[in-house]
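S.K.: predicted model and sequence follow; I will ask about them next.
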Amino acid sequence: MELNLKQYRTIKIIIVFGLAFFVSQSIVFRNFFAPVVLLAISSLVLLYLRKKVKGILADERDYAMVGKSAFLAIQIYSWIAVVCMFLFYAMSDLNPYYEAIAMTLAFSTCILMLLNSVIFRYYDKFKFSDKRFIYSVAVLILFVVMAVFAIRMFSGEDNWICDKGQWVKHGNPSFSAPNRVCK
């Protein structure tokens, strides 16, 4: 099966819309594991389909523009996240949840910068164009690590659990019971 560029882009748009619909429905039904799995599967499907495209998907100019735009996006995100992190941390006396938001912004910025550095060093050391299999495995490993991290972080070890219409402590949560109605 070979695809032309127009067919590939059409399939890609259909997959993106389907993924967006599924993720939004998963959030409504409070299912956060299924979207991660579907995202990994759809990424692998798109990688497979990309290999089946006959024709040129991008040229050197496109890759140069992508590199410049990614670098600029990382810089802009980092500056905005750091400024917001300081603002949320300064207001943490008003609401204790602001400190968690500030730390999330700080750690996500650090992870983004570290990941960018590692990938840049890897590309600088090895020519990656002949190693698509390694790239696919790395993406799969990244999704598995993210899934394990998400399961661990959201396992509810020190949390509030809804039991027969009442919020019950599970472990030793560091925050008060949720304000929403327990069903």
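M.R.: Everything's here; your move. On a predicted model such as this, the values are computed, not experimentally measured, just so you know. Residues are numbered from 1 along each chain as shown.

S.K.: all strands for the chain, in order.
M.R.: When assigned using DSSP state E, the strands of the chain occupy the ranges 159-163, 166-170.

S.K.: okay, buried residues for the first one please.
M.R.: It stands for strand 159-163. For strand 159-163, the neighbour count (16 or more other C-beta atoms under 10 Å) marks 159-160 as buried. The way it works is simple: take the backbone N, C-alpha and C, and place the C-beta from them, glycine included.

S.K.: please apply the same query to the last one.
M.R.: Residues of strand 166-170 classed as buried: residue 167 (neighbour count, 16+ other C-beta under 10 Å).

S.K.: now distance to residue 74 and mean pLDDT too, for the strands of the chain, in CSV please.
M.R.: Converted to CSV, the strands of the chain look like this (distance: least, C-beta to C-beta, whole Å; pLDDT from 0 to 100):
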stretch, distance to residue 74, mean pLDDT
strand 159-163, 33, 79
strand 166-170, 38, 82
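
S.K.: nearest to residue 20, of the ones you listed?
M.R.: In terms of C-beta to C-beta, the element of the strands of the chain nearest to residue 20 is strand 159-163, at 28.7 Å.

S.K.: give me the angle between the closest one and strand 166-170.
M.R.: 140 degrees (axes from the mean of the first three to the mean of the last three C-alpha atoms, to 10 degrees).

S.K.: that'll do, ta.
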